[in-house]
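Colleague: Sequence first, then the predicted structure:
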Amino acid sequence: GAVVSQHPSWVICKSGTSVKIECRSLDFQATTMFWYRQFPKQSLMLMATSNEGSKATYEQGVEKDKFLINHASLTLSTLTVTSAHPEDSSFYICSARGPGRSYEQYFGPGTRLTVT
Amino acid sequence: AQSVTQPDIHITVSEGASLELRCNYSYGATPYLFWYVQSPGQGLQLLLKYFSGDTLVQGIKGFEAEFKRSQSSFNLRKPSVHWSDAAEYFCAVGRNSGNTPLVFGKGTRLSVIA
């Protein structure tokens, strides 16, 4: 149990376009999801905390208008990178925490974004 | 503020040798501690976790970790390393609070040589 999926697993887009990444909890309901960004050979950096039915909480330095997060249901959160630029190329990982498992996070497999 | 320190950026061990990856944390309350492993281009896989109770925790793939409150440490160990263990290892700390994310260390890259 406790599986989190991400779609797509990798995506290439042109500079100036927008890309949506989905994060789904497959077998449990997740009231809270987290979005992380990871640059090559570096650790995970928290971008934002997404709560079902409310606005996301962004970390300092993360542009909320550029990285749009929507947590419309208890099993789905989406991250949209708007007007993507090459510097947005990165590995994006989501994790989910359920109401009955509030001390654990379950991670998705990640999405590799390349902006050309 | 909570923080996690992994002092070793890169470790190389011989296949069959023992392994210890260090992790120190700074936290104001009883922490929940985790070790994750990440292969290149992949997501994170949970190796083991500590919430309470026995301070020696057994995980998957033959890994174990020991919580030492007096040293604020949660070191990861394996008695005999396999070539497939080569990966990036992350220590993380969290707490039982719905909106609190995990805080990760910078990671230790493990290389295994024949």
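Modeller: Yep, that arrived.

Colleague: Quick check, A:Ser15 in contact with A:Glu87.
Modeller: No. Look at A:Ser15 against A:Glu87 with Cβ atoms under 8 Å: they stay out of range, at 9.9 Å. Yep, even glycine has a C-beta here, placed from its N, CA and C like the rest.

Colleague: higher neighbour count, these two?
Modeller: A side-by-side neighbour count of A:Ser15 and A:Glu87, using other Cβ atoms under 10 Å in any protein chain shown, places A:Ser15 first with 12 against 8.

Colleague: tell me the contacts of the closest residue to chain A within chain B?
Modeller: Going by Cβ to the nearest Cβ, chain A is nearest to B:Gly43 of chain B, at 3.9 Å. B:Gly43 sits next to A:6, A:93, A:107-110 when contact means Cβ atoms under 8 Å, 6 or more residues apart in numbering or on different chains.

Colleague: and of those residues, the nearest to B:Gly107?
Modeller: Nearest to B:Gly107 among the contacts of B:Gly43: A:Ile93, at 13.3 Å, using Cβ to Cβ.

Colleague: Among the contacts of B:Gly43, name the ones in strands.
Modeller: Per DSSP state E, strands hold the following members of these: A:6, A:93, A:107.

Colleague: so what's A:Thr57 bridging to?
Modeller: Counting by DSSP bridges, A:Thr57 forms beta bridges with A:Thr49.

Colleague: Give me the distance between it and A:Ile21.
Modeller: According to Cβ to Cβ, to the nearest Å, A:Thr57 and A:Ile21 sit 18 Å apart.

Colleague: How many residues are close by the closest residue to A:Leu74 other than its chain neighbours?
Modeller: Using Cβ to Cβ, 6 or more residues apart in numbering or on different chains and skipping residues adjacent in sequence, the residue nearest A:Leu74 is A:Gln29, 3.9 Å away. When counting by other Cβ under 10 Å, one arrives at 13 neighbours for A:Gln29.
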